[in-house]
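Colleague: Build me a model:
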Amino acid sequence: MSTPVLLVIAHGSRDPRHAATVHALTARVRALRPGLRVETGFLEFNAPSVPRVLERLAAEGVDEVVALPLLLTRAFHAKTDIPAVLREARTGLPRLGIRQAEVLGPSPLLNAALEHRLHEAGVSPGDRGSTGLVLASAGSTDPEAIAVIAEIARELRHTGWCAVRPAFASAISPDRPRTEDAVRALRAEGVRRVAVAPYIIAPGRLPDRIAAGAELAGADVLADVLGPAPELARLLVRRYDEARAPRRVALSA
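Modeller: Model prediction:
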């Protein structure tokens, strides 16, 4: 049997920067794992769609695909949309084996990618003790996804930042502040320097909302989205390898 194809499943966006960033990331994955066939499919807005990619691979005689959601948390798309698309493909393409990999986060590699982007934006390790950090995610109505962002913020607080607050670009409620709210809250606590780190993979409407909020509240530093960060590319390869690993079957006593 041939090596499974890696199918990276991205959400898609009307913003052309989104697809361009996804393709730059998958190009870095190919460079990390020469010989691995990497395809990209989108849930909406961009082509090719996930079903079309799977149909093409099946027509070419591909035996197996690892479908990797390009998602940072297990929210609606990971729990509902993608499984539904893959179930339909399994029914229509019975000779094509399809495994769904885990979402990307949480992972130390994602935290490393965040720090990479912050360093590029001018925040050095020595600045952490005097800098407050806003961890700005896309947001979700899924409690599990929100809890993951809160936990990552707590973890980052223990890496030297003087304060860390989560923020959300959508699904706003009193316990899910906007970027500008989080920046202002840190200022109110006496934090003089505030950096905003988007916990988002590719540019688009929500990252633009984060950037606008950071500017509105006068944040000192705005890092770039994660994009094709080398740490993120390594994480995609890791999730692919994990999905390929033999599944352990629990033995009854």
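Colleague: Show me the strands in the stretch 1-150 of the chain, by range?
Modeller: Secondary structure of the stretch 1-150 of the chain (DSSP state E, counting those that start in this stretch): strands at 5-10, 38-42, 64-69, 97-100, 131-137.
Colleague: Compare those and report which one is nearest to residue 184.
Modeller: Of all the strands of the stretch 1-150 of the chain, it is strand 131-137 that lies closest to residue 184, at 10.1 Å by C-beta to C-beta. Backbone N, C-alpha and C define where each C-beta goes, glycine included.
Colleague: on that earlier part again, tabulate the strands of the stretch 1-150 of the chain in CSV, adding columns for mean neighbour count.
Modeller: Output for the strands of the stretch 1-150 of the chain, formatted as CSV (neighbours: other C-beta atoms under 10 Å):
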stretch, mean neighbour count
strand 5-10, 25
strand 38-42, 21
strand 64-69, 23
strand 97-100, 17
strand 131-137, 28
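Colleague: Spatially central residue for this protein, please.
Modeller: The structure's the chain has its C-alpha centroid closest to residue 72; by C-alpha atoms, centre = their mean the separation is 3.4 Å.
Colleague: Disregarding residues adjacent in the polypeptide, which is nearest to that residue?
Modeller: residue 105 (4.2 Å; C-beta to C-beta, 6 or more residues apart in numbering).
Colleague: Do a quick rundown of the helices in the stretch 151-253 of the chain.
Modeller: With DSSP state H, counting those that start in this stretch as the criterion, the stretch 151-253 of the chain has helices at 179-188, 205-217, 230-244.
Colleague: Show me the one of those that comes nearest residue 23.
Modeller: helix 230-244 (12.4 Å).
Colleague: which regions of the stretch 51-200 of the chain sit below the pLDDT cut-off?
Modeller: 171-172 (pLDDT under 70).
Colleague: got TSV for the helices of the stretch 151-253 of the chain, with distance to residue 10 and mean neighbour count too?
Modeller: Formatted as TSV, the helices of the stretch 151-253 of the chain follow (distance: least, C-beta to C-beta, whole Å; neighbours: other C-beta atoms under 10 Å):
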stretch	distance to residue 10	mean neighbour count
helix 179-188	23	21
helix 205-217	14	19
helix 230-244	11	18
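Colleague: mind checking which of these is nearest residue 13?
Modeller: By C-beta to C-beta (comparing all of those), the closest turns out to be helix 205-217, at 7.3 Å.
Colleague: Looking at the helices of the stretch 151-253 of the chain, which is nearest to residue 84?
Modeller: It is, among the helices of the stretch 151-253 of the chain and with distance given as C-beta to C-beta, helix 230-244, at 18.6 Å.
Colleague: so how far is stretch 141-157 from its chain's centroid?
Modeller: How far stretch 141-157 lies from its chain's middle: 13 Å, per C-alpha atoms, centre = their mean, to the nearest Å.
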